[in-house]
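Trainee: Sequence below, structure please.
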Amino acid sequence: MKTREGLTPAAPGIEAGAPRPEAPPYRSRGVLTPLLLGMFLRALQITIIAPSLVNIAQSLGATLAQVGWVMAVYATGSLVAQPVAGKLSDARGRRRTFAGALLFFGTGSVLCALARSLPELVAGRVVQSLGAGALQPAAIALVGERLPQERRNPALYALYGMFALAGVIGALAGGVLVDLGIVWRLPYPWHLIFWLGVPLAALALLLTWRLEPDRVIPQRIAFDVPGLVGIAVVAVCLMAAANAAAPGAWVWLGGALAGGALAVVWERRIREPLFDPAVFAGAGPRRLYTLAVITGIPIFSLTMYAAAYYMTEFGASAAQAGLALLALAIPLGAGQGAGSSLVRRIPPSTILAAALAALAVGEALLGVVQVPAAALVAFAVAGCGIGLGSALPNALLLRYVTPSISGSATGFLTMLSSSGAITAPAAVSAWLTYAGVGPRTGLRLELVMSSILAAACLPLAARLPQPGD
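Mentor: Purely as a prediction, here's the structure:
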């Protein structure tokens, strides 16, 4: 009989009970290229679509509020796909899972590019989001499985650097492609932003398939469908709360809380829960999961609303706000480079605490500054903090857990981190709706509150145990 790792119990010529030879390490050459391309595609489809929303609404005869669900289903589908991808990568192999995610992403891109109505576009976006959500946990698990320890931290920082790169060029590329579609008199100019992803996904899929095959023997797994439905219900309720007026928003928030509570009760009672209980063993993983939930709100509050803040605070145009965001994106990339270097000499917990402190200071400054130059400095400080700490949670988690459950563990962490993309809009919308203040004051106060959340996480980050303790 073969083991989970694909090795026979005793190779020919070896006596029973004798130590078995360890499997040779995977070849690491060429591993990072398809992972970088896949992560770039995932992040690009978050930012590239923003300039096309008005054009989509006009061409499909929809309102901007209705078109907003194109963004909402992408975040929701990605959230649901992440724990599934983590479990699949453990049971079926990392390369297979990453390749499958690319296939889903490319298929969804084609469906979106062929859409002629809003329901068709939303359906294509759902398929695309399932692939996009699976890419990140599968990529992180591949790094942990196929790269030696000394190369993992730089590789993880490089993967998260793709988010910074996509943030810088995504909105610009989206605007250029839509303008080209208008100049070429295409009936649906926004189709070009989805066609862009098809050849890139195909290239990444080809490079992935050239990697050394998985050695794991595919295992039969049972999916916790009610658990997945519970996650989806919570995500949809939060999205609906972010777009609903009073008192409907409170009803949706109540639905999210009830759905989350029922999901927790269900997961604790079934034999094969969505997440392997082993992923919660140890203080290190539990603290990382807690940090992921809390810090998602201040991170996404800044990255998703920085442009709106700059426009309402200083009367800037959309183009001026886009240029101002370079003050956030460039230091974010620089922070990732610094973190990759510092982690070899400084305890990860110290670096993560410093990153949260920079984020807290930057957001606090945005709540009080009065001139654009000071806001740019605050953007830079916060961007450095986000970049500095971006890859550390996953790097630590890969050292906290055993390789056999690394996919499930990173999938859960990614899901919790990504929840900020849903929680932050809901929190900002609720605050602006019920605080009784205008957008300018409301966004300022929201950033201050986000700063307090980031600062509150400092003691928890500083107390993260060293791997092996």
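
Trainee: in the stretch 201-350 of the chain, which spans are helices?
Mentor: Taking DSSP state H, counting those that start in this stretch as the test, the helices found in the stretch 201-350 of the chain are 225-243, 248-269, 283-314, 318-324, 326-342, 348-366.

Trainee: nearest to Ile452, of these?
Mentor: helix 348-366 (7.6 Å; Cβ to Cβ). In short, each C-beta sits where N, CA and C put it, glycine included.

Trainee: tell me the mean pLDDT for the closest one?
Mentor: The pLDDT scores in helix 348-366 average 94.

Trainee: helices and strands around the helix or strand following that helix, which ones?
Mentor: Remark: after helix 348-366, the chain's next helix or strand is helix 372-389, criterion DSSP states H and E. The elements that helix 372-389 packs onto, with contact taken as 3 or more Cβ pairs under 8 Å, 6 or more residues apart in numbering; DSSP states H and E, are helix 283-314, helix 318-324, helix 326-342, helix 348-366.

Trainee: mind putting those helices in a markdown table, mean neighbour count included?
Mentor: Shown next, in a markdown table, are the helices and strands packed on helix 372-389 (neighbours: other Cβ atoms under 10 Å):
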| stretch | mean neighbour count |
| --- | --- |
| helix 283-314 | 21 |
| helix 318-324 | 15 |
| helix 326-342 | 21 |
| helix 348-366 | 22 |
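
Trainee: Which among those is found nearest to Gly411?
Mentor: It is, among the helices and strands packed on helix 372-389 and with distance given as Cβ to Cβ, helix 283-314, at 11.8 Å.

Trainee: Pro25 touches Gln149, doesn't it?
Mentor: No: applying Cβ atoms under 8 Å as the test, Pro25 and Gln149 come out as separate, 10.8 Å apart.

Trainee: circling back: same list (the helices and strands packed on helix 372-389) but as TSV, adding distance to Leu172.
Mentor: Shown next, in TSV, are those (distance: least, Cβ to Cβ, whole Å):
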stretch	distance to Leu172
helix 283-314	13
helix 318-324	7
helix 326-342	10
helix 348-366	23
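
Trainee: So which of these is nearest Met415?
Mentor: That would be helix 283-314 among the helices and strands packed on helix 372-389, by Cβ to Cβ, at 8.6 Å.

Trainee: how far is that closest one from where the chain is centred?
Mentor: Its chain's C-alpha centre and that of helix 283-314 lie 12 Å apart, by Cα atoms, centre = their mean, to the nearest Å.

Trainee: And for stretch 454-469?
Mentor: With Cα atoms, centre = their mean, you get 21 Å for stretch 454-469.

Trainee: Looking at that stretch now, give me its mean pLDDT.
Mentor: 87.

Trainee: what sits up against it?
Mentor: With Cβ atoms under 8 Å, 6 or more residues apart in numbering as the test, stretch 454-469 has contacts from 282-284, 287-288, 290-291, 294-295, 298, 347-350, 352-353, 356-357, 359-360, 363, 385, 396, 399-400.
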